[in-house]
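> generate coordinates for the sequence data below:
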Amino acid sequence: MKTLTAFWNILIKDIRNYYLKPPNISWGIIFPLSWTLMQIIRSTENIDIIQLLPGLMAMSILFGTTSMLAVTITFERRGRSFDRLLLAPVSLSILVLAKICGAVLFGCLNAFVPVIFASFFVSLGGINWGILFTAVFLIALTSTLIGLLIAVSAKEVFEAQTLSNFFRFPMLFLCGLFLPIQQLPAALRPISFCLPLTYGTDLLKGTITGSSIMHSAFSILMLLAFAAGLFLISRRSIQKKWIL
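Have a look, this model is predicted:
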């Protein structure tokens, strides 16, 4: 019961203190929102919006989650409030889960902003919403853990955001968000399949456009494997850099 109370209090504190920080608003909300509006406005045919929707959702999740962790971790590190959390009688795993839970929630909410806009122009009746929600959650989880791994290595918000951009912008082109993996140069395709967002985007494409290149069960398993691996690496990184 005490563990659950600690988890809940950490989550609520992060939501209250960091959701509306300027860096998070600019990179986590305004950038995905403006990109979504730009792409929808320039799409004059229904098929264009449907084809763009998986990429817009994945991009909104990616920028929302990584921005949230960059803000949360670096602000708390600078104010040394994270050090106080490490002294609390809560396991490190629970602490990490509490820190990433808010970002996962934020990313999931961000994902449905493009869906809301698209619903005014096209019919979304053919979507398998169960797979869609699964894909959104798993993309948010893996993207959050990538953001955590980056934020642990940074000391300031601008440093974390800059490091995040080294990962985020290449992913826009390597993970099939807007350019199909089949059209990438042969030398870059193996890199694409080493990125968790590739499987999440393919899962979204499968349920929205029916154009996936991998089976949905395989994509889900790969995302779960990435999530487990990233969680263990992030936990070890925090323990090595901030505790020992």
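> could you report the pLDDT at Gly28?
Gly28 carries a pLDDT value of 58.
> ok, and for stretch 123-135, which residues are buried?
127, 131-132, 134-135 (16 or more other C-beta atoms under 10 Å). To be clear about C-beta, it is placed using only N, CA and C from the backbone, and glycine gets the same treatment.
> pipe those into TSV and attach pLDDT, distance to Leu232 and secondary structure per row.
Shown next, in TSV, are the buried residues of stretch 123-135 (pLDDT from 0 to 100; distance: C-beta to C-beta, whole Å; DSSP: H, G, I helix; E, B strand; the rest coil):
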residue	pLDDT	distance to Leu232	secondary structure
Ile127	84	33	coil
Ile131	90	26	helix
Leu132	91	28	helix
Thr134	93	22	helix
Ala135	92	23	helix
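> is it true that Leu230 touches Ile150?
No. Leu230 is beyond contact range of Ile150, at 11.0 Å (criterion: C-beta atoms under 8 Å).
> which one of these two is surrounded by more residues?
Ile150 (24 against 21; other C-beta atoms under 10 Å).
> could you identify the most distant pair in the buried residues of stretch 123-135?
The span of the buried residues of stretch 123-135, defined through C-beta to C-beta, is set by Ile127 and Thr134 at 12.4 Å.
> if we can go back for a sec, closest one to Leu221 out of the buried residues of stretch 123-135, please.
Thr134 (11.7 Å).
> the closest one against Ser219, yeah?
No. Counting by C-beta under 8 Å, Ser219 is not a contact partner of Thr134; they are 9.6 Å apart.
> overlap of the contact sets of the two?
Both Thr134 and Ser219 are contacted by Leu203, under the criterion C-beta atoms under 8 Å, 6 or more residues apart in numbering.
> name the nearest residue to Gly55, ignoring sequence neighbours.
Leu177 (3.7 Å; C-beta to C-beta, 6 or more residues apart in numbering).
> hang on, that neighbour packs against Met57?
No. Leu177 lies out of contact with Met57 (C-beta under 8 Å); the separation is 9.3 Å.
> which one of these two is surrounded by more residues?
Met57 (28 against 23).
> before we move on, back to that, check contacts around the residue nearest to Gly55.
54-55, 58-59, 171, 197, 201.
> mind listing the helices for this protein?
Using DSSP state H, the helices of the chain run over residues 2-18, 22-23, 31-42, 46-78, 81-87, 92-119, 129-152, 157-174, 189-192, 196-208, 216-238.
> who wins for proximity to Ile181 among those?
Closest among the helices of the chain, once you apply C-beta to C-beta, is helix 189-192, at 5.1 Å.
> which residues are in contact with the closest one?
174-176, 181, 184, 198.
> now Phe193: how far from Gly206?
16 Å (C-beta to C-beta, to the nearest Å).
> of these two, who's got more company?
More crowded of Phe193 and Gly206, by other C-beta under 10 Å: Gly206, with 21 against 13.
> stretch 178-198: how far from the chain's middle?
Its chain's C-alpha centre and that of stretch 178-198 lie 18 Å apart, by C-alpha atoms, centre = their mean, to the nearest Å.
> average pLDDT for it?
Mean predicted confidence for stretch 178-198 is 86.
> alright, that wraps it up for me.
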